[in-house]
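Engineer: attaching a predicted model along with its sequence, questions to come.
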Amino acid sequence: MSAHEAKVGGPSSVLSRDQIVFAAALSDYNSSAVEQAVADLLEECLREEDLIRPGMTVLIKPNMLSDRTPESAVTTHPAILEAAVRFVQRRGAKAVIGDSPPQLRGSIRRFWEKTGFLGVAERTGAELVRFETDGIAEIVSGGYRFHVSQWVTRKADLIVNLPKLKTHNLTLLTGAVKNMFGCLPGGEKTNWHRFALHPDDFARVLVELYRVTRPAITLLDGITAMAGNGPANGEVVHPGVLLASRDGLAVDLAAAAVLGFRPLEIATNRIGVELGLGHAGFERVDVGGKVGTFPLGRYPLPSNRMLRQLPRPALRFFGKQLWIHPGVDAKKCTGCGICARGCPMGAISMHGLPRFRYDLCIDCWCCAESCPEGAIIVRRSWFARIAT
């Protein structure tokens with residue numbers, strides 16, 4: 001399957017190759033079709049440049065959020081991961097698969113088995129690494145001091161970013177920029193949620209982290225995606241698209257439209273453009289050589305999307321009358337306590353089921369991200385139900 005170019009910008013835009021988003025349409029994860037499409041997209045991104053060379057070590061960074069099966073659309077599908085690994089290996093480079101899930105239930109091996117990543121490693125010979133155990137490096141960007149895996153800073157020659165297309169109750173969209181948050185091992189992610197309480201503040205942290213960990217190529221898995229109240233408990237939908245670019249922010253701009261967002265309403269997109277990390281004329285997208293307005297998707301979006309449009313003074317004014325908080329589905333919850341252990345504010349205690357202290361809760365939705373049973377649900381005030 002040949003890749004189609006999706007050029008971010010208006011008819012008069014002159015784009016470098018780094019700003020082009022290449023797209024391929026696929027209806028499912030049939031292995032031969034996926035492998036061909038992934039190879040075509042990555043070749044388009046590289047073109048004639050010798051970016052991936054024999055003897056190099058390439059870190060492939062999928063979304064490994066939770067120990068869910070591929071059908072749940074929570075993690076990068078193993079067929080996409082395997083195709084990327086084989087592409088890297090055919091160029092004579094060593095492929096390493098790595099990430100740092102926010103919370104684990106049991107061993108990391110169980111996690112790898114459930115997501116299908118262990119099978120990919122066994123079939124291809126690629127190495128699976130856990131960022132918490134392979135050394136930490138300190139890097140500084142935009143006044144922030146990050147502690148990231150040494151695979152990101154020193155051990156790998158370049159990074160191929162493999163995000164999953166999903167909505168997100170905190171950031172609205174999780175894609176190329178948000179996926180690099182997994183470069184922070186273990187409790188480091190929790191610390192940043194505690195530090196950056198407002199969604200825009202957290203988005204700026206994500207953008208600065210992306211700036212310093214910047215992957216060479218991003219390939220986004222949108223064959224299936226998560227809509228509604230993602231990134232772990234939303235609705236599985238089927239956009240049927242793969243997006244690839246040397247510019248991860250350009251991928252996110254296009255991905256936002258695929259799901260139905262206005263691209264600039266995503267804080268990481270807006271801040272990234274302001275900082276010059278992506279092409280600013282993104283509201284017109286050219287797919288397949290035909291310039292026009294990129295059609296917005298019609299998928300369910302997060303319940304708190306409209307609240308994200310309100311300025312901070314308005315949110316303070318409405319106060320207790322306007323809120324969206326996490327809750328628990330008692331029928332799904334197993335009482336494992338992962339949500340309580342991962343809460344950056346200590347707002348969850350276990351009494352058989354999770355009990356939330358909303359006076360402490362910052363609505364970061366880490367509990368929903370880490371819950372292996374999908375038992376964290378959205379609770380809304382009556383005012384929020386009307387407003388959203």
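Structural biologist: Cool, got the structure. Numbering: from 1, shown residues only.

Engineer: now do the contacts for G182.
Structural biologist: Counting by Cβ atoms under 8 Å, 6 or more residues apart in numbering, G182 makes contact with 61, 63-64, 99-101, 131, 189. Just so you know, the C-beta spots here come from the backbone N, C-alpha and C atoms, and that holds for glycine as well.

Engineer: 10 Å instead?
Structural biologist: When contacts are counted by Cβ atoms under 10 Å, 6 or more residues apart in numbering, G182 is found next to 61-65, 98-102, 131, 148-149, 152, 161, 163, 189, 213.

Engineer: before we move on, what about V152?
Structural biologist: Neighbouring residues of V152 by Cβ under 10 Å, 6+ apart: 59, 61, 98, 131, 136-137, 139, 146, 159, 180, 182-184, 209, 212-215.

Engineer: buried set for stretch 149-159?
Structural biologist: 149, 151-153, 155-159 (16 or more other Cβ atoms under 10 Å).

Engineer: filter the residues you listed down to just the ones in helices.
Structural biologist: Among these, no member is found in helices (DSSP state H).

Engineer: tabulate the residues you listed (JSON lines), appending distance to Y358 and pLDDT.
Structural biologist: Formatted as JSON lines, those follow (distance: Cβ to Cβ, whole Å; pLDDT from 0 to 100):
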{"residue": "S149", "distance to Y358": "34", "pLDDT": "94"}
{"residue": "W151", "distance to Y358": "38", "pLDDT": "95"}
{"residue": "V152", "distance to Y358": "35", "pLDDT": "94"}
{"residue": "T153", "distance to Y358": "38", "pLDDT": "92"}
{"residue": "K155", "distance to Y358": "42", "pLDDT": "96"}
{"residue": "A156", "distance to Y358": "41", "pLDDT": "97"}
{"residue": "D157", "distance to Y358": "46", "pLDDT": "97"}
{"residue": "L158", "distance to Y358": "43", "pLDDT": "95"}
{"residue": "I159", "distance to Y358": "38", "pLDDT": "98"}
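
Engineer: between these, which sits nearest A176?
Structural biologist: I159 (11.1 Å; Cβ to Cβ).

Engineer: do you know how far that closest one is from Y210?
Structural biologist: 11 Å (Cβ to Cβ, to the nearest Å).

Engineer: ok, now A79?
Structural biologist: A79 sits 25 Å away from Y210, going by Cβ to Cβ.

Engineer: try D99
Structural biologist: 15 Å.

Engineer: where does pLDDT dip in the stretch 1-150 of the chain?
Structural biologist: 1-18, 103-106 (pLDDT under 70).

Engineer: same thing but at 80, please
Structural biologist: Within the stretch 1-150 of the chain, the segments meeting pLDDT under 80 span 1-20, 47-49, 102-107.

Engineer: for it, just list every one of the strands.
Structural biologist: 4-8, 20-25, 57-62, 94-99, 127-130, 136-141, 144-149 (DSSP state E, counting those that start in this stretch).

Engineer: check the stretch 201-350 of the chain too.
Structural biologist: With strands called from DSSP E, counting those that start in this stretch, the stretch 201-350 of the chain shows them at 217-227, 235-237, 241-245, 284-287, 290-293, 324-328, 348-351.
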